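> Sequence plus the predicted model coming up.
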Amino acid sequence: MERDRIIELHEKILYPVVRVRTKKAGGSGTIIYSDLVPGSEDEYESYVLTCHHVVDDLISVDKNYWDEVLKAKRPKEVVSQAQVEVFEYKYISEVDSSKGYRADIIGYSSHAGGKDLAILKLDTPKQMPHVAKVFMGDSREILCLEEMFVSGCSLGHDPFASHGEITCVNEDIDNHRYFMANAPSVFGNSGGAAFRGQDLTLIGVTARVSVVSLGFSADIMTWMEFSVHPEELQEFFEEQHLQFLVDDKYTSTECFEKRKELQEKARMAELRHGEA
């Protein structure tokens, strides 16, 4: 492999990958956006794509929350911050250091019946120098036996990539779409990224690996890795009203105003129901 191609791989599929830690577990994530806050000249906002099951222990529901407006108990979501480690490199391949940031969970689709995706916002105004580009084309262009890479923090290790081919483009698991690849993957890769070989765009989020139970033990089929399908990714950004992360026709201000409007409508509907 030519040196220019190797350096490109570092910049596009390795450097944007981060390690995500929670109170009880951890996994991987990928920086997919880092740009100026609308109207600012020096303050940036940066976002990480990961799996919901990587951060789900940070999300709970207080069923006994007392709402002073409704004058009644109602469920309230309680969300804690995640810890995200962003890595710096020297001599191209060598990890020089890592910087830890607190991160807010701003959107998610549950792994229990949902798309198993989450978006984290880094609690820093600094620009992240390396950002992965999310595939937003027609998923039918992606074919079996295409070259691809999986990049993540397997078993909590510093980020590294594995190489393989796409082996199935349409796996249905719990009524959600995945694609399968034979690039070796194991626990800790969850939330990391699957990249298309030809253009190094992010085409999926590593979410599952096959496990076969044999008696009292279990064998991990590391060559049967499942990533959230690109169509599921595209739907997620639309459903969460976070299109600005992948489409520059939108701004974060517009998207968050829309989210706030919808949340306010839901709250007012709940208030009217409580008064009735």
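Alright, I've got the coordinates.
> buried ones in the helix ranked longest in the chain?
The longest helix of the chain (DSSP state H) is helix 252-275. Within helix 252-275, the residues that count as buried by 16 or more other C-beta atoms under 10 Å are S252, C255. All C-beta spots, glycine's among them, are computed from the backbone N, C-alpha and C.
> Can you report how many residues lie near the closest residue to F135 other than its chain neighbours?
In this structure, F135 finds its nearest non-sequential neighbour in T201, 4.0 Å apart by C-beta to C-beta, 6 or more residues apart in numbering. The tally of other residues near T201 (other C-beta atoms under 10 Å) stands at 20.
> what sits against T201?
T201 makes contact with A132, K133, V134, F135, F195, according to C-beta atoms under 8 Å, 6 or more residues apart in numbering.
> what do you get for V228?
With contact taken as C-beta under 8 Å, 6+ apart, V228 is in contact with C51, K115, D116, L117, H176, R177, Y178, G204, V205, A207.
> Same check on L242?
L242 sits in contact with I106, G107, I119, C255, where contact means C-beta under 8 Å, 6+ apart.
> which element is the third one on?
Under the assignment given by DSSP states H and E, the secondary-structure element containing I119 is strand 117-122.
> do the same with the first one
Secondary structure assigned from DSSP H and E places I106 in strand 94-109.
> any idea how far D199 is from I31?
18 Å (C-beta to C-beta, to the nearest Å).
> R196: how many residues sit nearby?
R196 has 21 neighbouring residues, counting by other C-beta under 10 Å.
> Report the contact partners of it.
Listed by C-beta under 8 Å, 6+ apart, the contact partners of R196 are F135, I142, E146, E147, M148, I203.
> Looking at strand pairing, list the partners for it.
Beta bridges link R196 to M148 when assigned by DSSP bridges.
> ok so, going back, PyMOL command to pick out the buried ones of the contacts of T201?
Selection command for PyMOL covering only the buried members of the contacts of T201, criterion 16+ other C-beta under 10 Å:
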select buried, resi 132+134+135+195
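> Dump the contacts of T201 into JSON lines; add secondary structure as well.
Output for the contacts of T201, formatted as JSON lines (DSSP: H, G, I helix; E, B strand; the rest coil):
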{"residue": "A132", "secondary structure": "coil"}
{"residue": "K133", "secondary structure": "coil"}
{"residue": "V134", "secondary structure": "strand"}
{"residue": "F135", "secondary structure": "coil"}
{"residue": "F195", "secondary structure": "strand"}
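> possible to save the contacts of T201 as TSV with distance to P184?
Shown next, in TSV, are these (distance: C-beta to C-beta, whole Å):
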residue	distance to P184
A132	20
K133	24
V134	23
F135	22
F195	15
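> Considering the contacts of T201, which is situated nearest to D4?
Proximity to D4 was ranked across the contacts of T201 by C-beta to C-beta; first place goes to F195, at 17.1 Å.
> what's near enough to touch that closest one?
K12, I13, A132, M148, F149, V150, S151, T201, L202, I203.
> Run through the residues that contact G192.
G192 touches V17, G27, S28, G29, T30, V150, S151, G152, C153, P159, V205, T206, counting by C-beta under 8 Å, 6+ apart.
> Report the separation between the spatially closest residue to it that is not a sequence neighbour and P159.
The shortest distance from G192 to any non-neighbouring residue, by C-beta to C-beta, 6+ apart, is to G152 (2.4 Å). Per C-beta to C-beta, G152 is found 7 Å from P159.
> just the strands in the stretch 101-250 of the chain please.
Secondary structure of the stretch 101-250 of the chain (DSSP state E, counting those that start in this stretch): strands at 117-122, 147-152, 160-173, 176-181, 193-196, 202-214, 217-228.
> how about those, which one is nearest M268?
That would be strand 117-122 among the strands of the stretch 101-250 of the chain, by C-beta to C-beta, at 25.5 Å.
> returning to that earlier point: and G152 and P159? Which one has more around it.
Set side by side, G152 and P159 show more neighbours around G152, with 30 against 25, by other C-beta under 10 Å.
> Can you give me the neighbour number for Q83?
16.
> and what of A118?
Taking other C-beta under 10 Å as the criterion, the count of residues near A118 is 31.
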